[in-house]
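A.B. asks: I need the structure of the sequence given here:
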Amino acid sequence: MMKTDQLGMTHKDHQALDVAKLYYNGLSQAEVSEVLHVSRPNVSKLLSHAKKRGFVKITVEDPREKDIHLIETLKKYFQLDEVRLVSPIRGRDINLHKSLGKAGSQLIASLLRDGDTIGISWSRTIDYVASQMPEMHFNNIHVVQLRGDMSLPSMDLSMMNALKAFHIALNATIHTIAYPIIFESVEAKQAVERQTGIRNVISHAEKARIVVYSVGSNESTSPLMSSPLITNNEKKELTENSVGDICSHFVDRNGRVCLPDLNARTLTISLPELRHKEQRILIAGGNEKLDSIYVALTCKYANRLVIDVPTAHKLASICKKSNNS
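C.D. replies: Model (predicted):
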């Protein structure tokens, strides 16, 4: 562990501040390198470190993200405590994920306090939340995995990297579930849930004050729908009857669980438990997720929402039509 001074700063922190002050006062990276006798690659790394530590904050004020009428419409209709809007550059999904992740990480940071347990339901969006979490100094933070593994190596590695990122940013203790999200039988799932290690993880999940998740669509490219743990027949029925998943529970337009047998074999936080968490943060966007976002909000599975502006406008249109009907 790196030594810190009375301000909690490391030698690297001091270097990063010196580099940042020179660079943002007009010197080029080459000039900073020459002044401080630091290599060019290290100047770049120290600038990144300064941003990560919160020493440097660069903001672009986008009025579309401060649309009070849109925010209040969603808050009132869905009885939300908070709505944060993002307006990503169009064209690539990664821009949407990054924008949602950044705003989501800032929202989590605003709610955290000593002793908190955060429940995480992994998704590609939550990946970007984790990677952009600012380093913060809290005591006794726990981060717990809320659902099993996807049984796809790339996704499971991504999930572990996300948990590691939370650990590094928050100095948190991590609690993982080293079992698949879907079992062949209810009995097999229940046998795993009786194991001491899993009982401990479930116990931490029950204590979570904050839950962070996204929703999935019913498209074949969504992480859960592409899982080998779901049969082709099940995927066909889910495509026809569900709007997507909420913490791995596939639901229809009325919020009813689709395929109860599949649902009973799924290792994840229950929907009633999700609804009763103090802070339920839904971070999602994109037209393909519009229906699942609407269902999650209508069923009170979120009290705080991070969403992109175009999808938020579509949600508001649904609200308006519902009020007029």
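A.B. asks: make it CA atoms for all contacts and neighbour counts henceforth
C.D. replies: Fine.
A.B. asks: Show me how far the helix or strand of the chain with the lowest mean pLDDT is from its chain's centre.
C.D. replies: Here the helix or strand of the chain ranked lowest by mean pLDDT, DSSP states H and E is helix 153-170, holding a mean of 87. Put simply, helix 153-170 sits 11 Å off its chain's centre (C-alpha atoms, centre = their mean, to the nearest Å).
A.B. asks: Check stretch 307-314 too.
C.D. replies: Its chain's average C-alpha position is 17 Å from that of stretch 307-314, according to C-alpha atoms, centre = their mean.
A.B. asks: So which residues of the stretch 151-300 of the chain form helices?
C.D. replies: 153-170, 186-193, 196-207, 232-241, 260-264, 271-275, 290-298 (DSSP state H, counting those that start in this stretch).
A.B. asks: what residues does the first one touch?
C.D. replies: By that I understand helix 153-170. Residues from elsewhere that reach helix 153-170 (C-alpha atoms under 8 Å, 6 or more residues apart in numbering): 122-123, 126-127, 130-131, 133-138, 141, 143, 149-150, 172-174, 223.
A.B. asks: Now do the contacts for His69.
C.D. replies: By C-alpha under 8 Å, 6+ apart, the contact set of His69 is empty.
A.B. asks: Look up phi and psi at it.
C.D. replies: Phi and psi for His69, reported as degrees, to the nearest 10, are phi -60, psi -40.
A.B. asks: Return the distance of it relative to Pro228.
C.D. replies: 43 Å (C-alpha to C-alpha, to the nearest Å).
A.B. asks: do the same with Asn42
C.D. replies: 43 Å.
A.B. asks: More neighbours: which of the two?
C.D. replies: More crowded of Asn42 and Pro228, by other C-alpha atoms under 10 Å: Asn42, with 15 against 12.
A.B. asks: Assumed that one was part of a helix.
C.D. replies: Yes - under DSSP: H, G, I helix; E, B strand; the rest coil, Asn42 falls within a helix.
A.B. asks: so what's it scoring on pLDDT?
C.D. replies: In this model, Asn42 is scored at 95, pLDDT.
A.B. asks: what does Ser123 give?
C.D. replies: pLDDT for Ser123: 89.
A.B. asks: wait, what's in contact with the residue nearest to it when sequence neighbours are not counted?
C.D. replies: Once flanking residues are discounted, Ser123 sits nearest to Ser214: 6.6 Å by C-alpha to C-alpha, 6 or more residues apart in numbering. By C-alpha under 8 Å, 6+ apart, Ser214 lies in contact with 121-123, 125-126, 246-247, 282-284.
A.B. asks: could you redo the last one with a cut-off of 6 Å?
C.D. replies: Residues counted as contacts of Ser214 (C-alpha atoms under 6 Å, 6 or more residues apart in numbering) are 282-284.
A.B. asks: what's the closest of those to His204?
C.D. replies: Taking C-alpha to C-alpha as the measure, His204 lies nearest Leu282 of the contacts of Ser214, at 20.1 Å.
A.B. asks: Can I take it that Ser105 is in a strand?
C.D. replies: No - using three-state DSSP, the secondary structure at Ser105 is helix, not a strand.
A.B. asks: number of nearby residues for it?
C.D. replies: If you count neighbours by other C-alpha under 10 Å, Ser105 ends up with 20.
A.B. asks: Same check on Thr231?
C.D. replies: With other C-alpha under 10 Å as criterion, Thr231 counts 12.
A.B. asks: Can you pull the phi and psi angles for it?
C.D. replies: Residue torsions, per degrees, to the nearest 10, at Thr231 are phi -70, psi 160.
A.B. asks: Now do it, the pLDDT please.
C.D. replies: pLDDT at Thr231 comes out at 91.
A.B. asks: Could you report the distance from it to Val257?
C.D. replies: Noted for Thr231: a distance of 17 Å to Val257, by C-alpha to C-alpha.
A.B. asks: Single out the most deeply packed of the helices of the stretch 151-300 of the chain.
C.D. replies: Greatest average neighbour count among the helices of the stretch 151-300 of the chain goes to helix 290-298 (a mean of 22), per mean count of other C-alpha atoms under 10 Å.
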